Every structure is written in C-alpha cells, then in structure tokens.
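Asks: got a structure for you, letters missing:
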C-alpha cells in the first residue's frame, strides 16, 4: 500500500521537534510538504519537502492527502475548516480549536465529507499514564478515592511565545490543561461538575500560568493542577485507594528526547530507567512499579491506518469536544467562583 502524503502546517518548535520526527519515522506516512511563511528551515532536515508560504497555496497545489496543523490555537479552526473543504484528512494539534462550538462545526464538515479529523493528544501515550491505566485495570489499589495529576514547570521569565500573549486560546489551561483533562476524561468520563481557580501569577503576565481544577466524579476526587512557578519536586501523579497508594515523580522521557533532537527509533525508545519508576504503597509493603513504554510513534501509525480504514482513530473528535467543554466550564467556574454543572 502506498504511503499517505502528509503536509505540516507550521514549523515552530513543536512542529520541528515533535511532529516532523514522528511523521518521518512512520512507515505509512511521507512528509512531502511544509508551510513556512518566512523561512525554509524544514529543508535542513527534510530536503525532500516542498515549501509553501501559505496553507492556501499548499491546498491549491494538491500536494498532500493529510494536513497536520501545528499553528497557534486561534488559527486552528479556520485552517482546519479550509483543509476539510478541499477534501483533505486533518490532524490538529490539541486542543483542536478554542471553543467546543467550533470543534462541533469541524466534526460536522468532516462527517459530511467522510474525512478523518483527529487531534494530537500525544500524552495519552506517555508511559506513566499507560502505567496508571494498567494499575487501575488490575485493581492493585482497591477502590480508587483520589486521583491527582500535576504538570509543573519553572519558567519565571515571560517569553515572546504566542501562548503568553493576549490572544485567544493562550495560556496554560489550553496548553497543559488540555493534556490533564483529556487523561482524566479517558479514565473517568464526563464529570458531573467543574470547579476551578485559574490565575496569572507571574509579574506582568497576560495569559493564565496556573490552574487548579477539580472534577466532580461522585466518590472519586479528581484534582488537576499546573504551574510555571513550581521549582520543588511534586508528584506527577498521586492515586489513593482503599488498599494502597501510587506516587510517580517526573515527566515522560519522550518530550525531552525529542527536544534534544533524538530520532524516535530503536528498541529503547520511550523506556524509563528503573530509578524513575513510581512507587506503590500497600498496607504491609511498598515497591517500585515498572513504567510501561511510552510511545508517541503510535499516534501517527494509528492515523495512517485510520485513513486506510484499518483502525479507528485513537483520538476521536467527540473526545476533543468534551475536553473543550470542560475547559470552558473551568474558566466559567474560575470567573464566577462557583461550581459549574455539566451533567
């Protein structure tokens, strides 16, 4: 079966260091084009690609079958809608759009045209999250009563990145929050209610850089937090159950490897060293619990097979819509100081 021709729209840090390498090692995809408005940087690593200065020019040239959109959030809706109108399959970087209404419109267009529309939620394929799914499936901790997920960084100095400017879809909640909410949604489904405190804590910050979100799931307390002013060790995950607890520190190793420009290949890709494994604490003992392999490569392998009709998309647009509805409710809760009911 011939490879699916893929085009990358946007070649900033995320496009260059995350998407392009993952596409390049996918045996069923071929990176044939990149949209770069001002540069031709992608040709340094991928000399075979054709450079276009706009999405419109790329679509008019009919150079690719799959359009992968890695531009600022506020551009996603118009660009995805345009690509779909040209009959192209589309992958959009998370959270897909900046509103659930826009995402629903894209879903309708893709459905009418019989096209794939998916969202790059790579952190479903983090090794630690895969491990937590296994722990819960095995029931090691007994009945779960508490699930806590952190995504902390220390970036006290403001940058010129669009996420820190006064533009729609900016800030940490639409960024890291999308990952944490997506993971919680996969584990527990749609919450009954949302309660959130979203803030801009750094001096002169115009975009949110902290959130503390609680999702209502009956007997399970679910808390999701992120900060860019956290320079002390905090657990990435903390789970409490009637039989024991699980604590895990540190982020999945794949992002660091990709940003160091390591090609995502080899038998040891995504494998975490034993000293970084999480710990399970039972009543009479504690022990390290092996972190499963994380593997972002599976995302684009799935996209190719979904286009070929072999598999269903790993990330479905309905799931992305649900995540956006939770994000919208979180902002509403933070502004009103009240819980927002969802179901």
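Replies: Cool, got the structure. On a predicted model such as this, the values are computed, not experimentally measured, just so you know. Residues are numbered from 1 along each chain as shown.
Asks: all contacts plus neighbour counts: C-alpha atoms, from now on.
Replies: Noted.
Asks: Any chance of the backbone angles for the residue most central in space within the chain?
Replies: Residue closest to the mean C-alpha point of the chain, counted by CA atoms, centre = their mean, is residue 121 at 3.3 Å. In terms of degrees, to the nearest 10, the main-chain angles of residue 121 are phi -110, psi 70.
Asks: list the contacts for the nearest residue to it once chain neighbours are set aside?
Replies: Excluding the flanking residues, the one nearest residue 121 by CA to CA, 6 or more residues apart in numbering is residue 94, at 6.0 Å. The neighbourhood of residue 94, defined by CA atoms under 8 Å, 6 or more residues apart in numbering, consists of 119-121, 175, 178.
Asks: Mind telling me what element the nearest residue to residue 30 once chain neighbours are set aside is part of?
Replies: Nearest non-adjacent residue to residue 30, counting by CA to CA, 6+ apart: residue 5, 5.0 Å away. Using DSSP states H and E, residue 5 sits within strand 4-9.
Asks: Now the residue of the chain most remote from its centre. Its backbone dihedrals?
Replies: Going by CA atoms, centre = their mean, the residue of the chain most distant from its centre is residue 284, 37.2 Å out. Main-chain dihedrals, residue 284, degrees, to the nearest 10: phi -110, psi 0.
Asks: Mind putting the contacts of residue 94 into TSV with distance to residue 238?
Replies: Shown next, in TSV, are those (distance: CA to CA, whole Å):
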residue	distance to residue 238
119	27
120	25
121	21
175	21
178	19
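Asks: From those residues, which land in strands?
Replies: 119-120 (DSSP state E).
Asks: Which two among the contacts of residue 94 are spaced furthest apart?
Replies: Using CA to CA, the contacts of residue 94 span at most 13.2 Å, a distance reached by 119 and 175.
Asks: Look up the residues that both of the two are in contact with.
Replies: 94-95.
Asks: Settle it for me: which of the two has more neighbours?
Replies: Using other CA atoms under 10 Å, the more surrounded residue of residue 119 and residue 175 is residue 119, with 24 against 16.
Asks: What separation is there between that one and residue 107?
Replies: 11 Å (CA to CA, to the nearest Å).
Asks: shared neighbours of these two, anything?
Replies: By CA under 8 Å, 6+ apart, the residues touching both residue 119 and residue 107 are residue 317.
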